[in-house]
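Trainee: Just need the structure, nothing else, for what follows:
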Amino acid sequence: EGSGTFLQGLCTQDVLRRSHEVAALPAAFLSPKGKVLCDTIIKQQDSNEYLVDCHTSIIGSLKRLLVRHKLRQPLTIDDVSKGYH
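Mentor: Numbering: from 1, shown residues only. Below you'll find the model as predicted:
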């Protein structure tokens, strides 16, 4: 619960508004200073589950960013890249 709101605050895409309209959304994740950390594609899997597709070279750093911002929110952040080729 709250996955969309969580992503909404971290990426450049309007996830809450547009995720129901299109199959996948391009989005960037930014540093606190506004520097682009990575480009991604976000796909809503179901009402509270999102797939964030990124280049394999930044999986670790993107996951660390998401976990660092998660704080006490009841969210699960998993690396599912082994299931995709």
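Trainee: And the longest strand seen in the chain, what does it pack against?
Mentor: Counting residues, the longest strand found in the chain (DSSP state E) is strand 36-46. Counting by 3 or more C-beta pairs under 8 Å, 6 or more residues apart in numbering; DSSP states H and E, the packing neighbours recorded for strand 36-46 are strand 25-30, strand 49-53, helix 59-70. For every residue, glycine as well, the C-beta is placed using N, CA and C.
Trainee: who's in contact with it?
Mentor: 4, 7, 11, 13, 15, 19-20, 23-31, 50-55, 58, 61-62, 65 (C-beta atoms under 8 Å, 6 or more residues apart in numbering).
Trainee: Next, the buried residues of stretch 49-57.
Mentor: Residues of stretch 49-57 classed as buried by neighbour count (16 or more other C-beta atoms under 10 Å): 50, 52, 54.
Trainee: and the first one, what does it touch?
Mentor: Contact criterion C-beta under 8 Å, 6+ apart gives 3-4, 7, 15, 19, 42-44 as the residues in contact with Y50.
Trainee: try it again with 6 Å
Mentor: 3, 7, 42, 44 (C-beta atoms under 6 Å, 6 or more residues apart in numbering).
Trainee: What of the last one?
Mentor: By C-beta under 6 Å, 6+ apart, the residues touching C54 are 38, 40, 62.
Trainee: Count the neighbours of the second one for me.
Mentor: Each residue near T40 was counted by other C-beta atoms under 10 Å, and the total is 23.
Trainee: Assign a three-state SS to I77, would you?
Mentor: When classified by DSSP: H, G, I helix; E, B strand; the rest coil, I77 comes out as coil.
Trainee: Once you drop chain neighbours, what's closest to S31?
Mentor: L37 (5.7 Å; C-beta to C-beta, 6 or more residues apart in numbering).
Trainee: in the chain, which helix or strand is least confident?
Mentor: Taking mean pLDDT, DSSP states H and E as the measure, helix 15-18 is the helix or strand of the chain with the lowest mean score, a mean of 80.
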